[in-house]
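Colleague: got a predicted structure plus its sequence, pasted below:
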Amino acid sequence: DDEGKALLASGIHLDMTKEMHVERMLKERERMLSQIIENSKDLIYRMDLAGNFTFLSPAWTALMGYEVEESLGHPIKEYIHPEDHELLGAFMENLGKKRAHDAVSDYRFFTKEGSVIIFETNASPIYEEGEIVGVAGVARDISLLMKKQEQIEYLSYRDKLTVLYNRHYLEKIKGEIKERKYLPLGIVTIDLNDLKVINDTYGHHEGDELLILVSKIFKRVVKSEDLVFRMGGDEFMILSPNTSELQVHGIKKAIEEELRKMPKKPYAITMALGYASSQSEEDLFEDIKTADQYMYADKKRYKERSSC
């Protein structure tokens, strides 16, 4: 009016319900994502195409001992075991070529203290305007899992009583052990005489003690690279790489000498022994048969002497 007082007010009311709902949803999503990143025991990371870290979750500090700030901008190669550079390099290159999700396992990182952690990771390329600008992924510490797997594998290849290798391990290495670099391959096959009689007369505990005792003899007379097996029951075998027939005969004689030095028992401790030395890369079990033939002949002589 003439006095300058407002007589009318006009404006526009906009319905912001949808926008405010979207904003709340975005904030809630950011909050949940932040919680996931902050609390994840697995490492969440992002790298540029040069392999430099551009993001690291707090798990980096918990796992590696480095503060996130001191590692951002640094290349992943600074932390990887030198023997695994090629593996991780191929992984990064493959991500770029496939332009899709990929995974890699069993690579090693050095922590700040110098210990080794084994990781597995899965990652995907990051795109901006249709171009790959980096990768993002999640890495998991599998050190404990690998240790348990190694323990399981160790036990699966060992005889429970004597801790010597078992027949299962022989099946695993039967091809490798006949490679030219291991020839000539010395073979000693062994049968512990009268184990059943000892078990029946003195008890299975005494028989088990005897098996452990003779196993220690075999370990004493062989080279560090030789393989000693309990094939089952009272049967044993030694595989000795790069061992001539004369040398493998020496192993047989050393076992016999150790037997003579063993403490006296209320029963005789004897073994039937056979040996061979193979120059061939052919079937290992054919060579074992040759050693077995001499062992069976030795056992026959023992039985003939015992029956007299």
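Modeller: Received it, and whenever you're ready, just let me know what you need.

Colleague: quick check: which ranges of this protein have low pLDDT?
Modeller: Residue ranges of the chain with pLDDT under 70: 1-4, 6-11, 13, 308.

Colleague: helices of that one, residue ranges please.
Modeller: With DSSP state H applied, the chain shows helices at 17-39, 59-64, 68-71, 85-98, 143-156, 167-173, 195-202, 204-221, 245-260, 284-307, listed in chain order.

Colleague: could I get those in JSON lines, plus columns for distance to Ile132 and mean neighbour count?
Modeller: (C-beta placed from N, C-alpha, C; glycine too.) Below are the helices of the chain laid out as JSON lines (distance: least, C-beta to C-beta, whole Å; neighbours: other C-beta atoms under 10 Å):
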{"stretch": "helix 17-39", "distance to Ile132": "23", "mean neighbour count": "10"}
{"stretch": "helix 59-64", "distance to Ile132": "23", "mean neighbour count": "19"}
{"stretch": "helix 68-71", "distance to Ile132": "22", "mean neighbour count": "14"}
{"stretch": "helix 85-98", "distance to Ile132": "6", "mean neighbour count": "14"}
{"stretch": "helix 143-156", "distance to Ile132": "31", "mean neighbour count": "11"}
{"stretch": "helix 167-173", "distance to Ile132": "42", "mean neighbour count": "15"}
{"stretch": "helix 195-202", "distance to Ile132": "67", "mean neighbour count": "14"}
{"stretch": "helix 204-221", "distance to Ile132": "56", "mean neighbour count": "16"}
{"stretch": "helix 245-260", "distance to Ile132": "60", "mean neighbour count": "15"}
{"stretch": "helix 284-307", "distance to Ile132": "50", "mean neighbour count": "15"}
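
Colleague: tell me which of those sits nearest to Val133.
Modeller: Each of the helices of the chain has some distance to Val133 by C-beta to C-beta; the shortest is helix 85-98, at 11.0 Å.

Colleague: check which helices and strands the closest one sits against.
Modeller: Taking 3 or more C-beta pairs under 8 Å, 6 or more residues apart in numbering; DSSP states H and E as contact, the helices and strands that helix 85-98 lies on are strand 102-110, strand 116-128, strand 131-141.

Colleague: export the helices of the chain as JSON lines, with columns for distance to Met271.
Modeller: Output for the helices of the chain, formatted as JSON lines (distance: least, C-beta to C-beta, whole Å):
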{"stretch": "helix 17-39", "distance to Met271": "62"}
{"stretch": "helix 59-64", "distance to Met271": "53"}
{"stretch": "helix 68-71", "distance to Met271": "61"}
{"stretch": "helix 85-98", "distance to Met271": "48"}
{"stretch": "helix 143-156", "distance to Met271": "27"}
{"stretch": "helix 167-173", "distance to Met271": "19"}
{"stretch": "helix 195-202", "distance to Met271": "10"}
{"stretch": "helix 204-221", "distance to Met271": "7"}
{"stretch": "helix 245-260", "distance to Met271": "7"}
{"stretch": "helix 284-307", "distance to Met271": "8"}
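
Colleague: looking at these, spot the one closest to Leu183.
Modeller: Minimum separation from Leu183 across the helices of the chain (C-beta to C-beta) falls at helix 284-307, 10.6 Å.

Colleague: please state the offset of that closest one from the chain centre?
Modeller: With C-alpha atoms, centre = their mean, to the nearest Å as the basis, the distance from the averaged C-alpha position of helix 284-307 to the chain average is 38 Å.

Colleague: circling back: out of the helices of the chain, which is closest to Lys77?
Modeller: helix 85-98 (6.1 Å).

Colleague: centre of the chain to stretch 71-88, how far?
Modeller: 21 Å.

Colleague: return the set of buried residues in it.
Modeller: Burial within stretch 71-88, assessed by neighbour count using 16 or more other C-beta atoms under 10 Å, is assigned to Ser71, Ile76, Tyr79, Ile80, Asp84, Leu88.

Colleague: and the nearest residue to the third one once chain neighbours are set aside, how many residues sit next to it?
Modeller: To tie it back to what came earlier, the one meant is Tyr79. Excluding the flanking residues, the one nearest Tyr79 by C-beta to C-beta, 6 or more residues apart in numbering is Phe109, at 4.9 Å. The tally of other residues near Phe109 (other C-beta atoms under 10 Å) stands at 22.

Colleague: hmm, back to that, ok, the buried residues of stretch 71-88 vs Ile152, which is closest?
Modeller: Of all the buried residues of stretch 71-88, the one with the least separation from Ile152 (C-beta to C-beta) is Asp84, at 23.4 Å.

Colleague: wait, that closest one touches Ser105, no?
Modeller: No - shown here, Asp84 and Ser105 do not form a contact pair, counting by C-beta atoms under 8 Å, at 10.9 Å.

Colleague: Met295 versus Val221, what's the distance?
Modeller: As defined by C-beta to C-beta, to the nearest Å, Val221 lies at a distance of 17 Å from Met295.

Colleague: go on, Glu70?
Modeller: 65 Å.
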